Structure formats: structure tokens, C-alpha cells
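> what would the 3D arrangement of this be:
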Amino acid sequence: MNSKQIGLASVGLLLLCSAAHAVSEFEQWKRQQQKSFQQYKDERDREFTEFLKEHWRAIELQQGIARDQTPKPVVIPVAKPEPPIQEPLKKPDDDKPVVTVVPEPPVITAKPPEPLVPAPVLPQQQRGKRIQVDYFGTYLNCYYDPAFKHVRLQPLSENALSRFWSELSKLEYEPLLEQIEYQARALQLNDWGYAVLTNSIALQIYPESNNKQALLTWFMLTKAGYDSRVAYDERQVYLLLPSQQQMFYVTFFRFDNERYYTISFDGRRIKPGKVYTYDGHYPGAVKKLDMSIRMQAPVADNLEKRDLSFDYRGKHYPIQASYDRSRIDYLNTYPQLELQLYFISEVGQVAESPLLQQLAAAVDGMTQREAVSFLLKFAQNAFEYRTDEQQFGEENFLFPEETLYYPYSDCEDRSVLFAWLVTELLGLEVVGLNYPGHVAAAVHLKQPVAGEHVVHNGKKFTVTDPTYINATAGMVMPGYEHIKPGVIPVR
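Residues are numbered from 1 along each chain as shown. The predicted model follows:
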């Protein structure tokens, strides 16, 4: 080997040594960062554990807020059917050219079906004890530290809850938290779906104890950044969460001018009464639940169908509606929320695609006004009317696909469904109309229409009532003609 080769080899060896040294330094830095972060987390949990031993106070859970108590119509009025349009034959004037006015057609925007969301598979081999969670028909595998099973809960007190948090924080909970976040992303879950999934896992880990389920859900949601807290009385632990949207009929208490709702995932109503909770927040846990449904999951391909039909201008229209029963079960876990949320939420793909395709074919070629009248007739006559009191025993607003599932619907259910159809099929702007004891809709039509209207953001919206049988655009249900409704922005 000559001197030049020796020199090059020396340089190469030096570079390799430098690279190895750099990698070693990086790994050392990385381990130091991880150690520092772990120390920070440990210190944060130690401080919170000590905090939980002392900073509790008695509070009164307040009665849940009730909706509008004005009675809804039990018997719906029926307007005279719209007579078929018959254009009179006119003899053309030889001196004037014949001008044919072509009405503006509606915008048909029915979306093609997309592939179903498959059950997510964890990206790498997991350690720990395996459980299988039935998440509304989608079966998810999760793995957790077996030491979770050995965390004991003593008779309820500040010290017992503080000790439970302390013991959980010392376990390997991070892999379970990562799995929950991965599954939630894969299933396109919103905040409520994330909370339900977390509670479903807690139920599998602690099937024998509702209180342990609530405490583990509290712990994991807090670690995920949610402003979660708990309260307790002599028998029960209560999970408390704030929400971006107002909840109805759910007990709550106020802290820092924020409502914390007592969350129940099984539909049970928690009664008002004295409980104990703590003052303060876990560092970094600031998120409030956003109950909006902006995604179309969960989907378990649990398809069911319902035959609907109605008549429009002398022609019979059979419509076969579809819905995912698993998604209906998921929506059934929802607490009752402010009306606007039902107007703006996404509809599941299983329900959306078939219905839109059938109705799009029917309105193809109609003017905007005709298409709106057609969709009004569908909402008015394809469903049987019952008030929520008659069907559920209490107020219970429905999402559009729930209206396709339940045997009866009332005014707000039909208005929400109608608004969604007009938006998706015709591309028109819609608002909800909130009367005392009644809900309708209004549509911004590009061509002027005679009748009643409201003005919103400088635009005229023609009243459209999906509950008033045979009513056309511009007609207000009898009894509400002189009442100014509240306007609910939709899309």
C-alpha cells in the first residue's frame, strides 16, 4: 500500500470514527432528553398526587338544563296539495319571436361511495395483556400493563383517589395511551368517540368496578390532554368533562365559569346532589370535548334498510334508505346537545350514498324551486309524525341517519334531514328556524319566491317547513305566522 492509499484509509477511518462518535453523542443526548422528560412527568404526577390529597371541596351537582318546554303540535296541519302545473296553450304572435325561458337547474352533488374504513391493525408488536374491545361492531385489539389489574381502590376518599392516580402514573400506561390515539385516528373518531373508546377499554380492564372504570378513564383522558376531572360521594365516582357545545338534561357544576358535565356512557341520568371534587387542573390538560361529527366513522358494515315512499305531483316514488346499525348504536350514546350541532354534523356514508343517489336521480332536470318542493314533500310524507314525548318519553333530537332508523320523527328531526338533503343535493344555503315549540328550515333560493322569508347575513331565505304536510316554499305552519323565529346558521 502506497502512502496515498494509506492517507485515504486514514481519512476514511477518521470519518467513520467521527460519525460513530456523533451517533453516540446523539444517542446520549436522546437518552438524556427522555430521562429529563420522564423526570418532568414524574415530578408533575408527584405534585398532582400531593395536590389530590388536600384540595377537595363539597359542591352541589346542578340539575341539567332543559330544552324549550313549549309543547309541540301533536296533530300536524295539512295544506291543500299543490295542483299540477298546466301551462295554457297560447297561439303564438306572428309579429313577435317565441322566447323560451329555461329555468336554472339545481346543482346535483351526490357523492360516489367511498371504501369502508377497515378495523385498524396496530403498527408493531405490542407487549402486555391483550384485550379485545367491541367498538360498535369493530373489534379492536389492545394491550396493557398487567399491573393495572393490581391497582387497588380503597373506600372513597381524597387519599384513596390520590393513591389510585399515583399508582397508575407509575405503571407503563404510555403504550396503552399510544394505542388509543392510534385507533382513534384510524377510525376517524371525534372527541366523544375518543372518550367512549377510552371508557370501553377501562370497562374491559376493570369489569368488576364502575368506580375503577371512571378513574382509569379520567386518568387516560387527562394524560391525553383533556380537562377531565372526577367527583365522588360515599358510593360512586363521577367523571366530569367540559364541552364546547351545551349539553341538556346532564347534571353539572361550575368551576372557573366553566360547566363540567357528569358524563355517563351508558345513558344513565345522574341525579343532582352533594359530591366532592378538587380545585385545580392537571398541567397541560386543557381540551374541552368537541361533540361535532365531522367524520363518517365508525363503520362496521352492519347494513340495515328501510323502505320509504311518497307521492309528488301524481307520481309515486319508492325510496330505499340504508343505515349502519352500529353507527346508530354509537349515536345513541350521545347526550342531548344544542340544536345547531345536529344541523352541521356529517352523515355516515352507509346512509348518505344510497339516499343521495336515489334522490339526485329524481330531481335531475328540475328547477331549484321544484327540487326544493320535491325534497320538502319527501320529508313531509315519507315519515310518520310523532312527538319525542310520544316516541321516547322525553325530548330527543335525532341526527339525519337516526331519522332514517326510528319509526317516527318530529319537527326538528325532519328539518335537520331536509337541510342536509338540500345542502348536499342542491348546493343551496340553508338555515334552521327555531320557533317556540317548533322547528323548521329556510332556503336561500336564487330565483325569488312569493311567501314568508327571513333575512340572515343580508340574504333572503324562504321558509320551508318539512313538517307542515303539503306546504310549499314560503308557507308557514298555522299558529306560527306572527312569530319571529330564531335563526340557526347551518352551512
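
> what's the burial count for K170?
Close neighbours of K170, defined as other CB atoms under 10 Å, add up to 12. All C-beta atoms are positioned from the backbone trio N, CA, C, and that covers glycine.

> any idea how far F219 is from it?
12 Å (CB to CB, to the nearest Å).

> next one: G348
Between G348 and F219 the distance is 31 Å, computed by CB to CB.

> between those two, who's got more neighbours?
Neighbours were counted for G348 and for F219 using other CB under 10 Å; G348 has more, 25 against 22.

> phi and psi next, for the more buried one.
Phi and psi for G348, reported as degrees, to the nearest 10, are phi -60, psi 150.

> what of the one 4 residues further on?
Dihedral angles phi and psi of E352 (degrees, to the nearest 10) take the values phi -70, psi -60.

> ok, now how distant is it from E412?
Counting by CB to CB, the gap from E352 to E412 is 20 Å.

> who's more crowded, those two?
More crowded of E352 and E412, by other CB under 10 Å: E412, with 28 against 22.

> in which helix or strand does the more buried one reside?
helix 411-421 (DSSP states H and E).

> check which element follows that helix along the chain.
Following helix 411-421 in sequence, per DSSP H and E, is strand 430-435.

> that next one pairs with which strands?
In the sheet, strand 430-435 lines up against strand 438-443 (antiparallel), strand 486-489 (antiparallel) (DSSP bridges).

> same list, the ones you listed, but as CSV with mean neighbour count please.
Converted to CSV, the strands paired with strand 430-435 look like this (neighbours: other CB atoms under 10 Å):
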stretch, mean neighbour count
strand 438-443, 27
strand 486-489, 16
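
> if we can go back for a sec, packing partners of the helix holding E412?
helix 339-344, helix 368-381, helix 400-405, strand 430-435, strand 438-443 (3 or more CB pairs under 8 Å, 6 or more residues apart in numbering; DSSP states H and E).

> which residues sit against it?
72-73, 339, 342-343, 347, 356, 359, 375-376, 378-380, 383, 397-400, 402-404, 409, 430, 432-433, 438-441, 464, 466-467, 490-491 (CB atoms under 8 Å, 6 or more residues apart in numbering).

> hey, C-alpha coordinates of it in CSV?
Output in CSV follows, covering the C-alpha atoms of helix 411-421 (Å, rounded to 0.1, in the frame of the first residue of the first chain):
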residue,chain,number,x,y,z
CYS,A,411,-90.2,18.7,13.5
GLU,A,412,-86.6,19.2,14.4
ASP,A,413,-85.6,15.7,13.1
ARG,A,414,-87.3,16.4,9.7
SER,A,415,-85.8,19.9,9.5
VAL,A,416,-82.3,18.6,10.1
LEU,A,417,-82.7,15.9,7.5
PHE,A,418,-84.2,18.3,5.0
ALA,A,419,-81.5,20.9,5.5
TRP,A,420,-78.8,18.2,4.9
LEU,A,421,-80.5,17.0,1.7
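
> off-centre distance for that helix?
When distances are taken as CA atoms, centre = their mean, to the nearest Å, helix 411-421 is centred 17 Å away from the chain's centroid.

> what mean pLDDT does that helix have?
Averaged over helix 411-421, pLDDT sits at 98.

> again, but for stretch 455-467
Mean pLDDT, computed over stretch 455-467, is 97.

> what ranges in the stretch 1-150 of the chain fall below the confidence cut-off?
Applying pLDDT under 70 to the stretch 1-150 of the chain picks out residues 1-41, 83-125.

> could the helices and strands packed on helix 411-421 be laid out in CSV, adding distance to Y330 and mean pLDDT?
Below are the helices and strands packed on helix 411-421 laid out as CSV (distance: least, CB to CB, whole Å; pLDDT from 0 to 100):
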stretch, distance to Y330, mean pLDDT
helix 339-344, 15, 97
helix 368-381, 24, 97
helix 400-405, 10, 97
strand 430-435, 24, 98
strand 438-443, 24, 98
